[in-house]
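# sequence first, then the predicted structure, then my questions.
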Amino acid sequence: NAGVTQTPKFRVLKTGQSMTLLCAQDMNHEYMYWYRQDPGMGLRLIHYSVGEGTTAKGEVPDGYNVSRLKKQNFLLGLESAAPSQTSVYFCASRTTGITYEQYFGPGTRLTVT
Amino acid sequence: SQKIEQNSEALNIQEGKTATLTCNYTNYSPAYLQWYRQDPGRGPVFLLLIRENEKEKRKERLKVTFDTTLKQSLFHITASQPADSATYLCAPRRGGGNKLTFGTGTQLKVEL
């Protein structure tokens, strides 16, 4: 049981480049989330999904797109990277249970120059 | 707008003492409150959930309280150890919601 995995672990982009971050979970969870974490700002929700084929905006969705074509995968795309998107990105998943416990991946450190 | 406040200054305590971390929230009424632990370079890990009708919840050396009148949760680690050194995040949640809102976290350092 790998839990939640994220690819890649590190990436450096130039302004204007695009990339996709991949999140995969093997726990058959319905809900998946993408967060970014910046110093002094805490974890902020970018987009989330309540099931395969669904997506919804979180607190800071601008400049990002997501897709949930398969239940186990949640992709986060940056179409035209900006320096303000330099951050650590975390993916999380959870069951539909009442405890609402979220399981987080190890994170992707993205630098946009 | 809703606001979650955790002490941004690191908390330094001696091994064996009890660490107490605070989470204050304003402008909403969460039905649940979760606490997570985050180590450097890693994702957060769930520790405890407390419901609004529970005053206190315990798990091994951890204790969480939830005071809906004060709009505050306290997180205690008794008999603290250097391995408890990490950042602790609180995350209040309304009932029925799909999303969590996290505080910025408090860094705990337990010294020998």
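Yep, it's here.
# in chain A, what residue lies closest to chain B?
Nearest residue of chain A to chain B, counting by Cβ to the nearest Cβ: A:F104, 3.0 Å away. C-beta: built from backbone N, CA, C; applies to glycine.
# ok, A:S93 touching A:Q102?
Yes. With contacts counted by Cβ atoms under 8 Å, A:S93 reaches A:Q102, the gap being 7.1 Å.
# give me the common contacts of those two.
A:Y33 (Cβ atoms under 8 Å, 6 or more residues apart in numbering or on different chains).
# so how far is stretch A:25-43 off the chain centroid?
Relative to the chain's own centre, stretch A:25-43 is displaced by 6 Å; criterion: Cα atoms, centre = their mean, to the nearest Å.
# mind listing what's buried in it?
The neighbour-count check on stretch A:25-43 (16 or more other Cβ atoms under 10 Å in any protein chain shown) flags A:25, A:29, A:31-37, A:42-43 as buried.
# who's the residue of chain A closest to chain B bridged to?
Following DSSP bridges, A:F104 is listed with bridge partners A:A92.
# what sits against it?
A:4, A:90-92, B:43-45.
# need the buried ones from those selected in ChimeraX.
Command for ChimeraX, covering only those of these found buried under the criterion 16+ other Cβ under 10 Å:
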select /A:4,90,91,92 /B:43,44
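# so which of the contacts of A:F104 comes closest to B:E9?
B:P44 (19.9 Å; Cβ to Cβ).
# was I right to think the closest one contacts B:Y36?
Yes. Assessed by Cβ under 8 Å, B:P44 is found in contact with B:Y36 at 3.9 Å.
# okay, and the common contacts of these two?
In contact with both B:P44 and B:Y36: B:89, B:102, using Cβ under 8 Å, 6+ apart.
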